[in-house]
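Asker: I would like to see how this sequence folds:
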Amino acid sequence: MPPEPDPEHIRELMVGYQKTAALRAAVDLHVFTAIGEGASTVDTIAAKCQASQRGIRILCDYLTIEGLLSKESQTYRLSPDSAAFLDERSPHYMGGMLRFLNAPRLLESAAHLTETVRQGTTSAGEGFAGDEAEEWVAFARHMQPMAAGPAKFIAELIVGRRRPKRVLDIAAGHGLYGIAIASLAPQALIIAQDWPKVLAVAQDNARLADVEPRHQLLPGSAFEVDFGTGFDLVLLTNFLHHFDEPTCVNFLRKVRTALDSGGRVVTLEFIPNEDRVTPPRAAAFALNMLLQTPAGDAFTQSDLFRMLDAAGFTSHEVVEVPKSPEKLIVSYAT
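Answerer: This is a model prediction of the structure:
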C-alpha cells in the first residue's frame with residue numbers, strides 16, 4: 001500500500017523562513033563566535049552578545065534543534081559545521097554570505113514571487129545583472145568562501161593542460177578565478193572586467209595574492225566594453241544564467257572574437273539534467289533566476305552546447321567540479 005499522506009514536509013516549507021531568520025540573527029549577534037571563544041551558558045552568551053537572556057535561550061535552543069549547536073545540561077557547544085563555517089575566527093567563515101544572499105532587494109523579490117510567476121519575469125524591474133548594484137559589491141566581498149575551492153580546481157585543470165598567457169576574466173567579481181590562474185602561471189596576464197566598485201574588491205584580492213602587477217582592470221558593462229583581441233583563455237563564470245538564450249549567443253560571439261584561434265572559453269554554471277529537476281541544487285537555481293532576472297535560467301548541458309555552437313565554439317568538454325553543485329564546460333574556438 002502507498003504510504004499515508006504526511007503534512008509535515010508542507011508545514012516545514014510554510015515556516016522555512018524561520019530557519020533563515022534564526023541563522024541571520026545568530027550571525028548578526030555573533031553568537032557562534034561568542035560560543036567559540038568560550039561563552040557556553042545563556043547568561044555568558046547573552047552578556048557577550050549584548051542580548052537578552054530570554055532571546056539567547058530560545059535562539060540557542062532553536063539552533064540546537066537545527067544541528068548548529070549541541071546542548072548538554074545548560075551548556076552549549078558549536079557543531080563541527082558551525083565551528084568551521086560560522087565562527088568568525090575560522091578561515092572558512094561563511095556568515096558574511098548572508099549580506100548578499102539576504103540582501104534587501106533579494107528578499108523583496110522573494111516576497112513577490114506569486115506575481116513573478118504570473119508574469120514570468122522578475123518583479124525587480126531590470127533585475128541585478130545590468131547595473132552596478134551594491135549587491136554585486138556584497139557578492140564580491142562575501143561570497144568568496146564558495147569560490148575559493150572551485151577557483152583552485154579550475155586553475156590547476158587549465159594550467160596543467162596549457163599555460164595561458166592572456167586571460168580575460170569576464171564579470172570577475174572577487175577575481176578569485178583569474179587570480180588562481182595567475183598564481184599558477186607566472187607569465188599569465190589577467191584582464192579582469194566588471195563594474196568599477198566590484199573591481200576594487202578583486203584588485204585587493206590580487207594584491208593579497210601578490211599578483212597585482214599582472215592583474216589589470218577593465219571597468220564597465222560586459223556588453224559595452226571593448227574586450228580587445230589576442231586572448232588564449234576567457235573565464236565566463238556564473239554569467240550566462242542571468243540572460244536569455246539569444247542574448248547569451250550574441251555575447252558568446254563577442255567572446256569568440258576576443259579569442260585567438262584555438263583559444264579556450266571556460267564556462268562555469270549550475271547545469272541541471274535534461275529533466276530540470278535533478279540534481280537538486282543545480283536545478284533549484286532556476287528559481288533564483290526567476291526571482292532576480294528578466295529572462296535568466298539554469299541552462300541544461302544541451303542548452304549551453306547549442307549556444308556555444310551557435311557562437312563558433314567546438315569540442316566541448318564537461319568537467320565535474322569537486323564539492324560544488326556547478327559544472328565546468330571547456331570549449332575551443334576554431
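Asker: so Asp260, which of the three states?
Answerer: strand (DSSP: H, G, I helix; E, B strand; the rest coil).
Asker: then the one 4 residues further on?
Answerer: Reducing the assignment at Arg264 to three states with three-state DSSP gives strand.
Asker: burial count for it?
Answerer: 23 (other C-beta atoms under 10 Å). Quick note: C-beta positions are derived from backbone N, CA and C, even for glycine.
Asker: which residues does it contact?
Answerer: Ile158, Pro164, Asp232, Leu233, Val234, Val330, Ser331, Tyr332, Ala333 (C-beta atoms under 8 Å, 6 or more residues apart in numbering).
Asker: same check on Glu66?
Answerer: Taking C-beta under 8 Å, 6+ apart as the test, what Glu66 contacts is Lys19, Ala22.
Asker: Ile158 belongs to a helix?
Answerer: Yes - assigned with three-state DSSP, Ile158 falls within a helix.
Asker: surely it and Gly263 touch.
Answerer: No - counting by C-beta atoms under 8 Å, Ile158 does not reach Gly263; the two are 11.7 Å apart.
Asker: what is in contact with those two at once?
Answerer: Leu233.
Asker: run a quick neighbour tally on the nearest residue in space to Leu235 that is not next to it in sequence.
Answerer: Nearest non-adjacent residue to Leu235, counting by C-beta to C-beta, 6 or more residues apart in numbering: Asp169, 4.6 Å away. Using other C-beta under 10 Å, Asp169 is surrounded by 27 other residues.
Asker: do the same with the one 5 residues further on
Answerer: Residues within reach of His174, counting by other C-beta under 10 Å, total 24.
Asker: likewise Leu113?
Answerer: Neighbours around Leu113, by other C-beta under 10 Å: 14.
Asker: and Leu235, by the same measure?
Answerer: Residues near Leu235, counting by other C-beta under 10 Å: 29.
Asker: ok, Asp244 next?
Answerer: 13.
Asker: before we move on, what about Arg57?
Answerer: Arg57: 17 neighbours (other C-beta under 10 Å).
Asker: for Ala21, see how far away it is.
Answerer: To Ala21, Arg57 is 17 Å away according to C-beta to C-beta, to the nearest Å.
Asker: with Ala311 instead?
Answerer: From Ala311 to Ala21 the distance is 43 Å (C-beta to C-beta).
Asker: which of these two has more neighbours?
Answerer: Higher neighbour count among Ala311 and Ala21: Ala311, with 20 against 13, using other C-beta under 10 Å.
Asker: not counting its neighbours along the chain, what's nearest Ala171?
Answerer: Phe239 (4.8 Å).
Asker: what does Arg264 give?
Answerer: Arg264's closest residue in space is Leu233 (C-beta to C-beta, 6+ apart), at 5.3 Å.
Asker: let's verify the one you found: helix, strand, or coil?
Answerer: State at Leu233, reduced to three classes by three-state DSSP: strand.
Asker: what about it, how many residues nearby?
Answerer: With other C-beta under 10 Å as criterion, Leu233 counts 26.
Asker: look at Val321 and report its pLDDT.
Answerer: For Val321, the model assigns a pLDDT of 97.
Asker: what about it, neighbour count?
Answerer: Neighbours of Val321 (other C-beta under 10 Å): 15.
Asker: pretty sure it contacts Lys152?
Answerer: No - counting by C-beta under 8 Å, Val321 stays clear of Lys152, with 10.5 Å between them.
Asker: distance check, the residue nearest to Ala171 against Leu268.
Answerer: Counting by C-beta to C-beta - Phe239 and Leu268 are separated by 9 Å.
Asker: and those two? Which one has more around it.
Answerer: A direct count of neighbours by other C-beta under 10 Å for Phe239 and Leu268 places Leu268 higher, at 23 against 19.
Asker: skip the chain neighbours and tell me the closest residue to that one.
Answerer: In space, Leu268 is closest to Thr237, 4.1 Å off (C-beta to C-beta, 6+ apart).
Asker: isn't the one you found up against Val265?
Answerer: No - using C-beta under 8 Å, Thr237 is not in contact with Val265; the gap is 10.8 Å.
Asker: joint contacts of those two?
Answerer: With C-beta under 8 Å, 6+ apart as the test, Thr237 and Val265 reach no residue in common.
Asker: continuing past the helix or strand Leu290 falls within, what's the next helix or strand?
Answerer: Leu290 is part of helix 280-292, with elements assigned from DSSP states H and E. Scanning forward in sequence from helix 280-292 by DSSP H and E, the next helix or strand is helix 301-310.
Asker: which residues sit against that next one?
Answerer: With C-beta under 8 Å, 6+ apart, helix 301-310 has contacts from 240, 245, 248-249, 252, 265, 267, 269, 271, 274, 297, 299, 316, 318, 327, 329, 331.
Asker: is it correct that Ser40 is in contact with Glu72?
Answerer: No - using C-beta under 8 Å, Ser40 is not in contact with Glu72, being 9.6 Å away.
Asker: higher neighbour count, these two?
Answerer: Taking neighbours as other C-beta under 10 Å, Ser40 and Glu72 compare with Ser40 leading, 17 against 8.
Asker: now that one, what's its secondary structure?
Answerer: coil.
Asker: which residues does the nearest residue to it once chain neighbours are set aside bridge with?
Answerer: Among residues not flanking Ser40 along the chain, Thr75 sits closest, at 4.7 Å (C-beta to C-beta, 6+ apart). Here Thr75 sits in beta bridges with Glu72, going by DSSP bridges.
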